[in-house]
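Enquirer: need a structure here:
(one chain, ligands or ions: 1)
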Amino acid sequence: MDYRFTPEEEAFRTEIREFLKVELPPDREEGEEEEGDEGWEFRRQFHKKLAARGWLVPHWPKQYGGNDLGIMEQVLMREEMGYARAPLLDIFGVNMIGPVLMMYGSEEQKKQHLPGIASGEVMWCQGYSEPESGSDLASLQMRAVRDGDDYVVNGQKIWTSNAHRADWIFMLARTDPDAPKHKGISFLLAEMDAPGITTRPLINLAGQHGFNEVFFEDVRVPVKNLVAEENRGWYVGAALLDFERSGIGSSAAVRRNLDDLLGYVRESAGDGGAGRDGTARHKLAELVIETDVGRYLSYRVASMQMRGEVPNYEASVAKSYLSELSQRVAGAGVNIVGLAGQVRPESPKWAKLQGRLTLQYMVALGQTIAGGTTEIQKGIIATRGLGLPRG
Ligand SMILES: Cc1cc2nc3c(=O)[nH]c(=O)nc-3n(C[C@H](O)[C@H](O)[C@H](O)COP(=O)(O)OP(=O)(O)OC[C@H]3O[C@@H](n4cnc5c(N)ncnc54)[C@H](O)[C@@H]3O)c2cc1C
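Expert: Predicted structure coming up:
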């Protein structure tokens, strides 16, 4: 077992770092790109610059706009992007629907959708959760009824991130209400500007508009937008969740938050600050160990992908560990920095670490819920990983 990267991989990492240094101003505030039209435009342009280098989907085949590079290059990209706090990629297109279309999509669907994702031109959102269906996703009630060459879709989705910005949505809808609940669901693609779709903003704890409710009223979705067979959508949707949970940028993002905190503590040590406080020192040492563990859990997921396997319970292990770790790091930050750690960037005179700590703390809370809660991940690990019977 060799834990080192090859010289070529290290050279690629340096190339990415240089690119990020030029494209991301050092005083950029975390999260600002998610807010408002100007920020969104910055994010889109950044995507396009990545795409122009074939870096948005480096490991995709060239015919779909990728660069034919290995999974390892993608890991390096995500690590460097996560550490640099680069604007989040179109995770729904790049990490989720793209790989799923490669596995389950028709040739026509691949040709229609993959190049737009790879070029950063077309943004996606995910229509899974409904007001009464989150963890128990298979209970979803959105209906799609076949009418000639279309499905007529009615129902509501909720917590739909970026729905107000996205061009397309992939979603799960019930096509056979009489079948057992997992077996009557289909996986559909719809254009967000289709007549009958409306979105309503939901503001999160940190005051940001990322989520939405999305309403469907007699929306006509062409049958050609059905992915895989009718009533087999649950299996497509579940594979997509494995890709979602395999997101590996987060271990680097957590490490960056911790490094910033360590930098602050080192600087304040001379004033008798947290650097000399036994409890804080042990906490920080513990978090460094945990961040290393998180990184290696991510690498396990990547190494499975390199072997052509779809990570399953292994993705749940990494997802639950890293999402809880990001909360522990954010919590330690707020506690160690004390009252000044709770000041937002709007008060630069008092704010420490550019006022990021409270935002990190609030955003981290959602991470153990998004993509399936920690309790659901533990259920998957128990059943699929440990072979235990369902609880
Ligand atoms: C930041 C963020 C982004 C999101 N983005 C999207 C998106 O883009 N698209 C989308 O479709 N959804 C999105 N979601 C929604 C997310 O998928 C759901 O919130 C999640 O699946 C949980 O569903 P719920 O909120 O209905 O909670 P519930 O399912 O009602 O769960 C409530 C509580 O009960 C627990 N629980 C439920 N069932 C079990 C069980 N069997 N065993 C043990 N405990 C259980 C849960 O762990 C949780 O603590 C997002 C959520 C967040 C936080």
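Enquirer: hey, let's count contacts and neighbours off CA atoms from now on
Expert: OK.
Enquirer: and for the helix or strand hosting M171, what are the contacting residues?
Expert: Per DSSP states H and E: M171 is located in strand 168-174. Strand 168-174 has contacts (CA atoms under 8 Å, 6 or more residues apart in numbering) with 97, 122-128, 140-144, 153, 163, 184-192, 231, 233-234, 237.
Enquirer: which bits of this protein sit near the ligand?
Expert: By the rule CA under 6 Å from any ligand atom, the part of the chain lying against the ligand is 126-129, 133-136, 159-161, 366-367, 369-373, 375-376.
Enquirer: do that again at 8 Å, thanks
Expert: 92, 125-137, 157-163, 211, 363, 365-376, 379 (CA under 8 Å from any ligand atom).
Enquirer: could you turn the buried ones of the residues you listed into a ChimeraX selection?
Expert: Selection of buried members from these for ChimeraX, criterion 16 or more other CA atoms under 10 Å:
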select :92,125,126,127,128,129,130,134,137,157,158,159,160,161,162,163,211,363,365,367,368,369,371,372,373,374,376,379
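Enquirer: among the residues of the chain next to the ligand, which are located in helices?
Expert: Secondary structure from DSSP state H places 363, 365-367, 374-376, 379 of the residues of the chain next to the ligand in helices.
Enquirer: what's the first helix or strand after the helix or strand containing I16?
Expert: Secondary structure assigned from DSSP H and E places I16 in helix 7-23. Using DSSP H and E, the helix or strand that follows helix 7-23 in sequence is helix 36-52.
Enquirer: relative to helix 7-23, how tilted is that next one?
Expert: 150 degrees (axes from the mean of the first three to the mean of the last three CA atoms, to 10 degrees).
Enquirer: now do the SS call for the nearest residue to E229 once chain neighbours are set aside.
Expert: Excluding the flanking residues, the one nearest E229 by CA to CA, 6 or more residues apart in numbering is S186, at 7.5 Å. With DSSP: H, G, I helix; E, B strand; the rest coil as the basis, S186 sits in strand.
Enquirer: the chain should start at 71 in everything you say after this.
Expert: Done: numbering now begins at 71, and the last item shifts to S256.
Enquirer: burial measure for S256, as a count.
Expert: Applying other CA atoms under 10 Å, we find 26 residues neighbouring S256.
Enquirer: list the beta-bridge partners for it.
Expert: A243 (DSSP bridges).
Enquirer: next up, the contacts around it.
Expert: Residues in contact with S256 (CA under 8 Å, 6+ apart) are 242-245, 296-297, 299-304.
Enquirer: re earlier: would you show me how to pick out the buried ones of the contacts of strand 238-244 in PyMOL?
Expert: What follows is the PyMOL syntax for the buried subset of these, where burial is set by 16+ other CA under 10 Å:
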select buried, resi 167+192+193+194+195+196+197+198+210+211+212+213+214+223+233+254+255+256+257+258+259+260+261+262+301+303+304+307
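Enquirer: low-confidence stretches in the stretch 171-320 of the chain?
Expert: For the stretch 171-320 of the chain, the stretches flagged by pLDDT under 70 are 315-319.
Enquirer: so which residues of it form strands?
Expert: In order along the chain, the stretch 171-320 of the chain carries the following strands (DSSP state E, counting those that start in this stretch): 194-197, 213-217, 220-227, 238-244, 255-261, 267-273, 279-292, 296-297.
Enquirer: elements contacting the longest one?
Expert: Right, the one you point to is strand 279-292. If you count contacts as 3 or more CA pairs under 8 Å, 6 or more residues apart in numbering; DSSP states H and E, strand 279-292 packs onto strand 220-227, strand 255-261, strand 267-273.
Enquirer: what's the angle from the second one to strand 238-244?
Expert: If you take the same axes, to 10 degrees, strand 255-261 sits at 150 degrees to strand 238-244.
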